[in-house]
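[1] Predicted model, plus sequence, below.
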Amino acid sequence: MKKTFGLASAFILAAGLTAGCSSNGTSGEQKENKDTLDVYTTIYPLEDFTKKIGGDYVNVKSVYPPNVEAHTYEPSSKTMAEISDSDAFIYSGVGVEGFADKAVSTLKNSDVKIVKAGEGIDLLSREEEHGEHDEHAHEEEHEHGEAEGHDHHHDHGDHDPHVWLDPVLAEKMAENIKDQLVKLEPEHEKTFTENYESLKKDLEQLNKDFKQTVDKADKKEILVSHAAYGYWEKRYGIKQMSVLGLSPTEEPSQKQLENIVKTAKKHDIKYVIFESNVSSKISEIIKKEIGAESLTMKNLESVSKEDIENGKDYTTIMKENLAVLKKALSNK
């Protein structure tokens, strides 16, 4: 695993670099004379959307290395320094990037355009995510108290950050990115807009495909290792039962574990859906307990080197996720 430095040193270095650039006046001149925009992004969909919309006029680099878990990753001091010398930093702004708030606070002192791709999106609250497993777990917390196990609901804030897995909300993120690129390079507005419209069509088709698949499914219940699919519940009507919480660090209590097993057996769950960048021994235990098979989905916080080498993008990976979902919702 690549070693990362503490955020404090990263922020100090970034701030120092920014101060140096401001004092000699060269940073702004270099940015104005460049043919392309240098943009840093966080989660993979933002990288993919920015590349597609920006085309040849934008040089995009992700803060995250391949297959990283976005909730806990911290960038190195070198990366922070590079971001501070770029044209724009695009992050979700919905709470998935653990380092982002402090980073944004520091970057405000530089010439970097800070873009919150999730601006204007209404986030799901924990109360709105009303899977059967979560309802029982909530009752048990009141009955037995939090002393009996981990607090499954309060490690990750009050809202679900996984908005990019909903193609409709992903479209809004893409629109926000397009609007900001236009502001940075208004002379390329026509290209950015055309590229966005092409991406929008792909996302609209993806939304239709998800809706049709769920509508035709044998069942609506899925058992997932990580509670990343609440927006699919709201958009398409599936019922998500999860072992871990909104953050993979949120582990269930013993009572909650017992309830998960009971509910999974009630709905004749045949598969446990794991994620390529999140491992969970507890989920493995539950899989064995209910006699289920494993399926793997990609939450798209980051992508693997293999996916990158094979030329996969947001749309193709989401189609793969849809195929996994179709199997998980079948009685076969």
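    Looks like it came in fine.

[2] how many neighbours does Ala312 have?
    Small correction: residue 312 is Lys, not Ala. Neighbours of Lys312 under the rule other CB atoms under 10 Å: 17. In this view, the C-beta of every residue, glycine as well, is placed from N, C-alpha and C.

[3] ignore the last one, Pro161
    24.

[4] Checking my notes, Val272 in a helix, right?
    No - when DSSP: H, G, I helix; E, B strand; the rest coil is applied, Val272 is found to be strand, with no helix at that position.

[5] Can you give me the pLDDT of Met80?
    Note on Met80: pLDDT of 91.

[6] Using the three-state scheme, assign it.
    helix.

[7] Where does the prediction get shaky in the stretch 51-200 of the chain?
    127-157 (pLDDT under 70).

[8] please redo it, this time with the cut-off set to 90
    For the stretch 51-200 of the chain, applying pLDDT under 90 flags the ranges 67-72, 98, 100-103, 105-106, 108-110, 125-158.

[9] Which stretches in it count as helices?
    Counting by DSSP state H, counting those that start in this stretch, one finds helices in the stretch 51-200 of the chain at the ranges 77-84, 100-107, 132-144, 167-184, 189-215.

[10] Including distance to Ser92 and mean neighbour count, could these go into TSV?
    Below are the helices of the stretch 51-200 of the chain laid out as TSV (distance: least, CB to CB, whole Å; neighbours: other CB atoms under 10 Å):
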stretch	distance to Ser92	mean neighbour count
helix 77-84	15	20
helix 100-107	8	18
helix 132-144	23	16
helix 167-184	7	21
helix 189-215	16	16
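
[11] any chance of the ones you listed in JSON lines, with distance to Ile285 too?
    Output for those, formatted as JSON lines (distance: least, CB to CB, whole Å):
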{"stretch": "helix 77-84", "distance to Ile285": "36"}
{"stretch": "helix 100-107", "distance to Ile285": "33"}
{"stretch": "helix 132-144", "distance to Ile285": "16"}
{"stretch": "helix 167-184", "distance to Ile285": "33"}
{"stretch": "helix 189-215", "distance to Ile285": "28"}
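
[12] Show the residue spans covered by the strands in the protein.
    Secondary structure of the chain (DSSP state E): strands at 37-41, 58-62, 88-91, 113-116, 221-226, 239-244, 271-275, 293-297.

[13] Next, format those as JSON lines and append mean neighbour count and distance to Leu206.
    Output for those, formatted as JSON lines (neighbours: other CB atoms under 10 Å; distance: least, CB to CB, whole Å):
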{"stretch": "strand 37-41", "mean neighbour count": "23", "distance to Leu206": "20"}
{"stretch": "strand 58-62", "mean neighbour count": "20", "distance to Leu206": "21"}
{"stretch": "strand 88-91", "mean neighbour count": "24", "distance to Leu206": "21"}
{"stretch": "strand 113-116", "mean neighbour count": "19", "distance to Leu206": "23"}
{"stretch": "strand 221-226", "mean neighbour count": "24", "distance to Leu206": "18"}
{"stretch": "strand 239-244", "mean neighbour count": "24", "distance to Leu206": "19"}
{"stretch": "strand 271-275", "mean neighbour count": "22", "distance to Leu206": "19"}
{"stretch": "strand 293-297", "mean neighbour count": "16", "distance to Leu206": "15"}
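
[14] Now do Leu322 against Asp209, distance only.
    6 Å (CB to CB, to the nearest Å).

[15] ok so, going back, make TSV out of the strands of the chain and add distance to Trp232.
    TSV is the format used below for those (distance: least, CB to CB, whole Å):
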stretch	distance to Trp232
strand 37-41	23
strand 58-62	24
strand 88-91	23
strand 113-116	23
strand 221-226	9
strand 239-244	7
strand 271-275	11
strand 293-297	11
